[in-house]
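**Student:** After the sequence you'll find the predicted model.
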Amino acid sequence: MKSLALDLHPPARRRHPPQWFPIAALTPSLLVLSVFFALPMGMMIGMSFAQTETFSPTLEHYQRFFTDRLSLAGFCRTALMSLLVAISVTVLGYPVAYFLARSTTRWRAVVFALALAPELAGVVLRTYGWLIILEDRGFINDLLLHLGLITSPLPLSKNLFAVVVGLTHVVLPFGILSLMTSIQGIDPNLERAAQMLGASRLAVIRTIVLPLSVPGIVSSMLIAFTMSASAYATPALLGGAGFKVLATMIYEQVLFYIDWPFASVMAMALLLMMLAISFVGVRYESRRRSRASVSSGGER
Amino acid sequence: MNRLISILYWVSLGAVLSFITLPLIVVVAASLSPTSAVTLQPWEWTGRWYADLWSSRWLDPFLASFRIATVVAAISGVLGLFAAYAVVYERIPGSDGLMSYLLSPLSVPQIVKGVAIVLFLSMIGLQGFLGTPALIAAHVVLALPFVTRMVATSLANFDANLDRAAQILGANKLQRIRLVVLPMIKPGVLSGVTFAFIISFNNIPLSVFLVRPGDSTLPITVINYLEYSLDPVLAAVNVASMAFILTVIFLFEKIGGFSAQLHGGSK
């Protein structure tokens, strides 16, 4: 009864809530993130601009990065690899996403489970699978040799091809999900109407489904690009010494050459590449939104 | 023409689905075959690679990963819960800025976070921190934003009138959190904790900088072996660790599911 009487005036307490509680609740998280994320990031950025001995500000490490053929090649390889993965994820993911968006049969659940199952398996397991398949004495070469189609094993591993295949497999579920969401947003009646008016399947896909799913295509490519550019394990195992990207080169700089400033510059290059791509995505999204609101306003 | 397009569509669907499942099937097959080579010749099935897993060579890193992932899930679960509660529910001043700060690690690639942390530790002379303590700290930084975001989403969807009703009925703040808010956002918290456990357990890009000999996680031990050989025991390790992850997901789902059912029954 005592507490009831006390709480008959909740508005007064609402107006002056005890401020210590949210502050106490937030402090541990802010502390952990500041000590183990913000501070290290600040240090790394500072390191990339600091002279090695005197710690005076300098751009010499960046200069070294942009004049060094090896690191520039690594940067370009990362961009090329990520672009190829973005394209292959979107192309391969499209039919699956279309099926998932449109099917109403019970096969939908099966395909959905199959499409997302790899995500639970972890990157190492899948990469190991691709190593077995693509190796010089692996599954594919064994098959082709057996059939007499080739006489010596094809170079399928430790190169761009292997890395793109492996990363496509890693990223595909994410691409499928973003394409699926976008295709689900297209009114199926548009397709039916076009078909009734005599459009061929190809024409329906080309003039209705594809143009309307461009936002999904863009987001699938962006996700695939950023995930690939920052991937470490797949390029390390499937590319190895034959195909070095920024992520694996950063690792080498840290653990073998112990060149902190250069590792920091490479990490900055990777970070900036990612931020630039995300920025493109954000710009595209906001322009699309504003265009959509203008055109729907015009129709009325 | 329509026929051709539709055949092409089904063929491509089948091809992509086989592409997705092929490596998984190959690994399972390799884990049961005498050699790592998956060939067309028939082979004798063997379970000896699974028997080999019961040695300290694989059990130690497994237990290390398990320990780290458990601690990471617990810490990031509690911290994320409190942080999301403070920012979303209490709407303290500057909550938007605080939320973006809490989520900011998400926009930095893991490998960059890894470099930053290892550089930081060696600059301040804390190399002795490498191994389990550094792994836990780094994984918490990685998992915390995910947990915070998941809890924040479920808090945003939670009907604040329930909390007000409890307040009017005389519940104090801690009682309200314990008896009203927590049960309502439990699914969000549980999925956040499960997610934190899995990303810590499977993590490579951060761990690769922070392990040290004798104090390494399972995925790092596996990729270090993989660089030199395709030993089929690695296939068995991978299949077993995937089975373990599936069990964890299943168990968490059960906890959430059961409690939700009990909750519904008590109404």
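**Tutor:** Sure, I can see it.

**Student:** Now the helix or strand containing A:Val265: average pLDDT?
**Tutor:** Using DSSP states H and E, A:Val265 maps to helix A:260-299. Helix A:260-299 carries an average pLDDT of 83.

**Student:** tell me what it is packed against?
**Tutor:** On a contact count with 3 or more Cβ pairs under 8 Å, 6 or more residues apart in numbering or on different chains; DSSP states H and E, helix A:260-299 meets helix A:39-49, helix A:60-67, helix A:69-102, helix A:214-229, helix A:246-255, helix B:110-123. From N, CA and C alone the C-beta is placed, and that goes for glycine too.

**Student:** Tell me what angle it forms with helix A:60-67.
**Tutor:** Here helix A:260-299 runs at an angle of 70 degrees relative to helix A:60-67 (axes from the mean of the first three to the mean of the last three Cα atoms, to 10 degrees).

**Student:** How far does helix A:260-299 sit from its chain's centre?
**Tutor:** The chain centre lies 13 Å from the centre of helix A:260-299; the measure is Cα atoms, centre = their mean, to the nearest Å.

**Student:** per-residue confidence for whichever residue of the stretch 201-300 of chain A sits closest to chain B?
**Tutor:** Going by Cβ to the nearest Cβ, chain B is nearest to A:Ser230 of the stretch 201-300 of chain A, at 3.3 Å. Listed pLDDT for A:Ser230 reads 89.

**Student:** and B:Trp45, that one's in a helix?
**Tutor:** No: counting by DSSP: H, G, I helix; E, B strand; the rest coil, B:Trp45 falls outside a helix, being coil.

**Student:** Tell me how far A:Trp130 lies from A:Ile277.
**Tutor:** Remark: distance between A:Trp130 and A:Ile277 (Cβ to Cβ, to the nearest Å) = 25 Å.

**Student:** between these two, which one's more packed in?
**Tutor:** Under the neighbour definition other Cβ atoms under 10 Å in any protein chain shown, A:Trp130 and A:Ile277 were set side by side, and A:Trp130 has more, 28 against 19.

**Student:** How about residues contacting the host helix or strand of the more buried one?
**Tutor:** Assessed by DSSP H and E, A:Trp130 sits inside helix A:123-134. The contact list for helix A:123-134 (Cβ atoms under 8 Å, 6 or more residues apart in numbering or on different chains) reads A:118, A:138-140, A:156-157, A:162, A:165-166, A:169-170, A:231, A:233-234, A:237-238, B:22-24, B:26-27, B:30, B:36-38, B:202, B:204, B:219, B:222-223, B:226, B:230, B:234-235, B:238-239, B:241-242.

**Student:** I'd like the list of these that fall within helices, please.
**Tutor:** Counted as lying in helices by DSSP state H, out of the contacts of helix A:123-134, are A:118, A:139-140, A:162, A:165-166, A:169-170, A:233-234, B:22-24, B:26-27, B:30, B:202, B:219, B:222-223, B:226, B:234-235, B:238-239, B:241-242.

**Student:** one step back: now the helices and strands packed on helix A:260-299 as TSV including distance to A:Arg192 and mean neighbour count?
**Tutor:** Compiled in TSV, the helices and strands packed on helix A:260-299 are given as follows (distance: least, Cβ to Cβ, whole Å; neighbours: other Cβ atoms under 10 Å in any protein chain shown):
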stretch	distance to A:Arg192	mean neighbour count
helix A:39-49	52	19
helix A:60-67	55	15
helix A:69-102	11	20
helix A:214-229	20	22
helix A:246-255	46	23
helix B:110-123	45	24
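
**Student:** what's the least confident stretch among these?
**Tutor:** Mean pLDDT values for the helices and strands packed on helix A:260-299 show the minimum at helix A:60-67, a mean of 86.

**Student:** Could you check the angle that one makes with helix A:69-102?
**Tutor:** Helix A:60-67 and helix A:69-102 are oriented at 80 degrees to each other (the same axes, to 10 degrees).

**Student:** So out of everything in the stretch 51-200 of chain A, what residue is nearest chain B?
**Tutor:** Going by Cβ to the nearest Cβ, chain B is nearest to A:Gly129 of the stretch 51-200 of chain A, at 2.6 Å.

**Student:** Could you report the neighbour count for the residue nearest to that residue when sequence neighbours are not counted?
**Tutor:** Using Cβ to Cβ, 6 or more residues apart in numbering or on different chains and skipping the chain neighbours, the partner closest in space to A:Gly129 is B:Pro23 (2.6 Å). Per other Cβ under 10 Å, the neighbour tally for B:Pro23 reads 25.

**Student:** pretty sure B:Pro23 contacts A:Thr168?
**Tutor:** No: the criterion here is Cβ atoms under 8 Å, and B:Pro23 misses it with A:Thr168 at 11.3 Å.

**Student:** Counting by contacts, list what the helix or strand harbouring B:Ile5 packs against.
**Tutor:** With secondary structure defined by DSSP H and E, B:Ile5 is part of helix B:2-31. Packing partners of helix B:2-31 (3+ Cβ pairs under 8 Å, 6+ apart): helix A:69-102, helix A:107-121, helix A:123-134, helix A:160-184, helix A:201-204, helix B:232-266.

**Student:** one more time with 10 Å
**Tutor:** helix A:69-102, helix A:107-121, helix A:123-134, helix A:139-146, helix A:160-184, helix A:201-204, helix B:48-52, helix B:232-266 (3 or more Cβ pairs under 10 Å, 6 or more residues apart in numbering or on different chains; DSSP states H and E).

**Student:** Where does the prediction get shaky in chain B?
**Tutor:** Residue ranges of chain B with pLDDT under 70: B:36-43, B:256-267.

**Student:** Would you pull up the residue in it closest to chain A?
**Tutor:** Closest to chain A within chain B is B:Pro23: 2.6 Å, counting by Cβ to the nearest Cβ.

**Student:** Now do the same contact list for that residue.
**Tutor:** B:Pro23 makes contacts with A:118, A:121, A:125-134, A:139, A:165-166, A:169, as judged by Cβ atoms under 10 Å, 6 or more residues apart in numbering or on different chains.

**Student:** if you set the cut-off to 8 Å instead, what comes out?
**Tutor:** Residues counted as contacts of B:Pro23 (Cβ under 8 Å, 6+ apart) are A:118, A:125-126, A:128-130, A:132-133, A:169.

**Student:** Next: B:Gly47.
**Tutor:** By Cβ under 8 Å, 6+ apart, the contact list for B:Gly47 reads B:Leu32.

**Student:** same thing with A:Leu72?
**Tutor:** Applying Cβ under 8 Å, 6+ apart to A:Leu72 gives the contacts A:65-66.

**Student:** With B:Ile7 instead?
**Tutor:** Applying Cβ under 8 Å, 6+ apart to B:Ile7 gives no contacts.

**Student:** Tell me, how many residues neighbour A:Arg289?
**Tutor:** With other Cβ under 10 Å as criterion, A:Arg289 counts 11.
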